[in-house]
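> return atomic coordinates for the entry below.
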Amino acid sequence: MTSVNRTKKEGTKEVPCLKFVAVYSNVGESIDRFDQRKQMYQIRRFVKCRIFSFLMDFAVINSFILWQVSKRNRSLDQLTFHVALARQLIDGYSSRKKEMTSCWLLSKEVCSSG
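The predicted structure is shown next:
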């Protein structure tokens, strides 16, 4: 058993609780901030694999936080960071379809025949 501080109208009161409750009380604020940031600019596409979209959001939010810490630049907001990241990832991409190789056609036939 351990204890945590709870704020009431009369002031702060120390309340006994289990150890994992105390750990969650310390870490829970970070989890809430992550959820708040994720809701702002999350991937809104319908993907078959939801874990992929969650991990993508997780990676982008963590990279934004790490960039803020390393550059000590808190003036850049999350939307501007998302746009800059997207431009860097898309840079040099051409939407033209390349000619299909026979190797690709062979693998396509193997996949569709089964």
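> buried residues in the helix or strand residue 62 falls within?
Taking DSSP states H and E as the criterion, residue 62 maps to helix 50-71. Buried positions in helix 50-71, judged by neighbour count with 16 or more other C-beta atoms under 10 Å: 53, 57, 60-61, 64. Any C-beta I mention is one placed from the backbone N, CA and C, and that applies to glycine too.
> among those, show me the least confident.
The lowest pLDDT within the buried residues of helix 50-71 belongs to residue 53, which sits at 78.
> the bottom helix or strand of the protein by mean pLDDT?
helix 102-113 (a mean of 45; mean pLDDT, DSSP states H and E).
> so for the host helix or strand of residue 33, mean pLDDT?
For residue 33, the host element (DSSP H and E) is helix 19-40. For helix 19-40, mean pLDDT rounds to 72.
> check stretch 90-101 too.
Stretch 90-101 comes out with an average pLDDT of 68.
> next up, the contacts around residue 1.
Listed by C-beta atoms under 8 Å, 6 or more residues apart in numbering, the contact partners of residue 1 are 16-19.
> in a markdown table: the residues you listed, plus neighbour count.
Output for the contacts of residue 1, formatted as a markdown table (neighbours: other C-beta atoms under 10 Å):
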| residue | neighbour count |
| --- | --- |
| 16 | 10 |
| 17 | 15 |
| 18 | 10 |
| 19 | 9 |
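> need phi/psi at residue 76.
When read as degrees, to the nearest 10, the backbone of residue 76 gives phi -80, psi 120.
> give me the spatial nearest neighbour of residue 79, chain neighbours excluded.
residue 41 (6.3 Å; C-beta to C-beta, 6 or more residues apart in numbering).
> residue 64 versus that neighbour, what's the distance?
For residue 41, the distance to residue 64 equals 10 Å [C-beta to C-beta, to the nearest Å].
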